[in-house]
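Chemist: Based on what follows, work out the 3D shape:
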Amino acid sequence: MVNLIVIPQIYTIIAYGFSIYLWALIPRVPLPEGIPFYLIHPYFTAELFLMLSTLIVWAIALIIFLIYSLKQGVSIARNVSQNLFTTLLVFITVIAAISGCIFYFTHAVYYPEPNGDFGVSSPDPLAAINSLGVLFSEAAWIILGIAKILKKGNTSGPEAI
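Modeler: I've put the predicted structure just below:
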């Protein structure tokens, strides 16, 4: 049986990679005040979709993991403690996706700057959690995947992961 984490891992790498690609395009988008980010431009809508879909993929993986563990009679606590790094990485991935979902549902707010212009509101903590979580998770999932491939010594085919 394929490792239960492979499909969500690959999906997260693709979704977060595309999200990072969109970050280069987003600064060109004008931000009208008072409109939720996901309604301002398709880039923000795509970001929201990527975060929501990542949450859904990991929720389904968690349900499958719980059902599989109950069928096998394996202790969930033992499984989690044996795979502590992966468990923490899943937690960070889910927290990053949740904070991204909440952030993209918020409104763009402007504040007056000292020189008389109006700037976008100060950095949102949810945006910071989302961006740092996405960057860390993307790198960590890629490294974990490469480590699994190298550990098995098999570099061809889907069974390598």
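
Chemist: need the next SSE after the helix or strand of the chain with the lowest mean pLDDT, C-terminal direction.
Modeler: When the helices and strands of the chain are scored by mean pLDDT, DSSP states H and E, strand 118-120 comes last with a mean of 53. Downstream of strand 118-120, the next assigned helix or strand under DSSP states H and E is helix 125-152.

Chemist: longest helix anywhere in this protein?
Modeler: When the chain is parsed with DSSP state H, its longest helix is helix 42-72.

Chemist: for that helix, packing partners?
Modeler: Of the remaining helices and strands, those touching helix 42-72 by 3 or more C-beta pairs under 8 Å, 6 or more residues apart in numbering; DSSP states H and E are helix 6-23, helix 37-40, helix 76-82, helix 84-105. C-beta coordinates here come from the backbone N, C-alpha and C atoms, glycine included.

Chemist: Now render the ones you listed as JSON lines, adding mean neighbour count.
Modeler: Shown next, in JSON lines, are the helices and strands packed on helix 42-72 (neighbours: other C-beta atoms under 10 Å):
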{"stretch": "helix 6-23", "mean neighbour count": "18"}
{"stretch": "helix 37-40", "mean neighbour count": "18"}
{"stretch": "helix 76-82", "mean neighbour count": "11"}
{"stretch": "helix 84-105", "mean neighbour count": "18"}
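
Chemist: Format those helices as TSV; extra columns: distance to I56 and mean pLDDT.
Modeler: Shown next, in TSV, are the helices and strands packed on helix 42-72 (distance: least, C-beta to C-beta, whole Å; pLDDT from 0 to 100):
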stretch	distance to I56	mean pLDDT
helix 6-23	10	92
helix 37-40	16	86
helix 76-82	21	80
helix 84-105	9	91
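
Chemist: Between those, which one is closest to L135.
Modeler: Using C-beta to C-beta as the measure, helix 6-23 is the one of the helices and strands packed on helix 42-72 that comes nearest L135, at 7.2 Å.

Chemist: helices or strands next to that closest one in the packing?
Modeler: Using 3+ C-beta pairs under 8 Å, 6+ apart, the elements in contact with helix 6-23 are helix 42-72, helix 125-152.
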